[in-house]
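Q: Please work out how this folds:
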Amino acid sequence: MNSLGWMFHAFTCTSVLTSCGSAEAFQLGRQVHAYTIKANLVESDEFVKTALIDMYCKCDYLVDARKVLHNMIDFSVVSHNAMIEGYSRNQQLFDVKIAAAIAEETNIPFVRAEKRVRSTWLHMMLLLKPVELLIL
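A: Next up, the predicted model:
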């Protein structure tokens, strides 16, 4: 489509990145990431950034996902939860703890997370701090 002169917009790139993550199609997702950089969609669209984090996490490239997260100017609940879900999916308990510390520093509330992420988050926190959570 690009060779025909058609331009992809943010919604299209987000959908393709989501599909790449679900299919674990890392190389295709990497190409879409390169396109989003050329089209200046990475800087301007929150959904594209979060889809990139999600795609890299699902393809087991957590370092690349973390790079996308750290290059974000504005952090959001959704982007942090995508990163935490990626850590927990890959059983990176230490990195979940780091993400939790970053979230506490930036005042990101996890209470508004979707149910699946919230349950994963609570499970990980029970593994990390079981006594402190039971006292609450």
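Q: Any stretches of the chain with poor pLDDT?
A: Low-confidence segments of the chain (pLDDT under 70): 1-3, 92-136.
Q: where do the helices sit along it?
A: Using DSSP state H, the helices assigned to the chain run over residues 10-23, 26-38, 41-44, 46-58, 62-70, 77-89, 93-105, 115-128, 130-135.
Q: quick one: the first one to helix 26-38, angle?
A: The one in question is helix 10-23. Relative orientation of helix 10-23 versus helix 26-38 (axes from the mean of the first three to the mean of the last three CA atoms, to 10 degrees): 160 degrees.
Q: helices or strands next to helix 10-23 in the packing?
A: Judged by 3 or more CB pairs under 8 Å, 6 or more residues apart in numbering; DSSP states H and E, helix 10-23 is in contact with helix 26-38, helix 41-44, helix 46-58. Bear in mind the C-beta positions are built from the backbone N, C-alpha and C, glycine included.
Q: if we go to 7 Å?
A: On a contact count with 3 or more CB pairs under 7 Å, 6 or more residues apart in numbering; DSSP states H and E, helix 10-23 meets helix 26-38, helix 46-58.
Q: Go through that helix and flag the buried ones.
A: For helix 10-23, burial by neighbour count (16 or more other CB atoms under 10 Å) applies to A10, T12, C13, T14, V16, L17, T18, C20, G21.
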